[in-house]
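Trainee: sharing a model that was predicted from the sequence below.
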Amino acid sequence: MTEKKRIFSGMQPTGILTLGNYLGAMRNWVALQDEYDCVYCVVDLHSLTVRHEAAELRKRRMSLLAQYIACGIDPEKSIVFMQSHVPAHAELTWVLSCYTYMGELNRMTQFKEKAGRHQDNINAGLFTYPVLMAADILLYQSDLVPVGDDQKQHLEITRDIAKRFNGVYGDVFTIPDPYIPKVGARIMSLQEPESKMSKSDENQNAFISLLDAPETIIRKFKRAVTDSDAVVRYDEKTKPGISNLMSIYSSVTGKSLEQIQQEFEGKGYGDFKMTVGEAVAETLKPIQERYQELMTSKDYLRDVLKKGAEDANRIAARTLGKVYKKIGLV
Ligand code: TYM
């Protein structure tokens, strides 16, 4: 029997997921569950780089777990766990940070962008964030990491750190590959289609939350910023708004961009926006129903986390043990 390849990925508990998180990453997480040995993490330690309230984080962690399951992650098939329940993540981070160069971390565009947004709190954790992410991935000897386009650079540094470590100590870590969808890897803001859709956007109309009511979803799409050209055609440079809506529609219906262009030939943007909004609302409806049910089943969610922590700890401890032995800590 050949062993299944390992998948690892995580999301930060910083709020309700957006359509970007769903189409860029979560849908692939769900789709890959049968074919791979999957490990999915609520990365609560990562979310500490931005100031937060304890009670709020406690709620968001459970809510994100419920969102994972509502989207289709099956704890019977995949390991689902909370990052802070597995101490090896923090332990391996320290070791790997001694094999990571300041210059490498300095080049991270997400650090530069986040440091720009939180000028009053440019903490060391924000800077070493990619090392924690490398530890997450490498602890599970992951082959593939399904993420959106914005995490590509973090995957590259993870590979560099792993290769450097292996270069000194032999084959300790599996070198992971990113798994990025062809359509939907970078869903853009509905209000400023030149920027990424983000749950931390102050403008509520800029993003679709997984839990937005159908009327809200349709209203947000109706208000989406487009151009005055009135032709549904894909061109990221000159028509970023329409191109983004086409990617979203393609992603939720499986239709190609050419098919979409034909479908809306001679029709106005009003019709197109309405159709996209309805398709998204339809996709999210069953997820929302399942989420509401799960949030009333706290005991079930706690059981999932307990089992997930046991399984994850077992794998992570094996890798950490190997690392400690190689570097002389055993
Ligand atoms: P996070 O929590 O910001 O985002 C979770 C996932 O959603 C994807 N994503 C998007 N995809 C398409 N369009 C968008 N607008 C969009 N916004 C977000 C992200 O690419 C990501 O896949 N550092 C990570 C979390 C993390 C992680 C890991 C991921 C920590 N450790 C180990 C993989 C493996 C992050 O902040 O994702």
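Mentor: Noted; the coordinates are in hand.

Trainee: please make it C-alpha for all contacts and neighbour counts, starting now.
Mentor: Noted.

Trainee: so how far is stretch 204-220 off the chain centroid?
Mentor: Here stretch 204-220 is found 19 Å from its chain centre; the criterion is C-alpha atoms, centre = their mean, to the nearest Å.

Trainee: any residue of that stretch up close to the ligand?
Mentor: No: Stretch 204-220 does not reach the ligand (C-alpha under 6 Å from any ligand atom); its nearest approach is 8.8 Å.

Trainee: list the buried residues of that stretch.
Mentor: Buried residues in stretch 204-220, defined by neighbour count with 16 or more other C-alpha atoms under 10 Å: 205-212, 214, 216-218, 220.

Trainee: can you dump the C-alpha coordinates of that stretch into CSV?
Mentor: Extracted as CSV, the C-alpha positions of stretch 204-220 are listed here (Å, rounded to 0.1, in the frame of the first residue of the first chain):
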residue,chain,number,x,y,z
GLN,A,204,-18.0,46.4,4.8
ASN,A,205,-19.0,46.6,1.2
ALA,A,206,-15.5,45.7,0.0
PHE,A,207,-15.8,42.0,1.1
ILE,A,208,-18.3,39.2,1.2
SER,A,209,-18.4,37.4,4.6
LEU,A,210,-19.2,33.7,4.6
LEU,A,211,-22.1,34.6,6.9
ASP,A,212,-23.6,37.5,5.0
ALA,A,213,-27.4,37.2,4.4
PRO,A,214,-28.4,36.6,0.8
GLU,A,215,-29.8,40.1,0.5
THR,A,216,-26.6,41.6,1.8
ILE,A,217,-24.5,39.6,-0.7
ILE,A,218,-26.7,40.7,-3.6
ARG,A,219,-26.6,44.3,-2.4
LYS,A,220,-22.8,44.2,-2.1
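
Trainee: hang on, the earlier thing: from the buried residues of stretch 204-220, which is closest to R117?
Mentor: Taking C-alpha to C-alpha as the measure, R117 lies nearest A206 of the buried residues of stretch 204-220, at 17.5 Å.

Trainee: and the closest one, what does it touch?
Mentor: 189-192, 197, 220, 224 (C-alpha atoms under 8 Å, 6 or more residues apart in numbering).

Trainee: look up how far the ligand lies from it.
Mentor: Distance from A206 to the ligand, counting by C-alpha to the nearest ligand atom, to the nearest Å: 11 Å.

Trainee: tell me the phi and psi of that residue?
Mentor: Dihedral angles of A206 (phi, psi; degrees, to the nearest 10) stand at phi -80, psi -20.

Trainee: residue ranges of the helices in the stretch 101-250 of the chain, please?
Mentor: Using DSSP state H, counting those that start in this stretch, the helices of the stretch 101-250 of the chain run over 102-106, 109-117, 124-139, 152-169, 214-222, 240-253.

Trainee: tell me which parts of the stretch 151-300 of the chain are close to the ligand?
Mentor: 151, 184-188, 196-198.

Trainee: and the two most separated of those?
Mentor: Largest separation among those by C-alpha to C-alpha: Q151 and M188, giving 14.9 Å.
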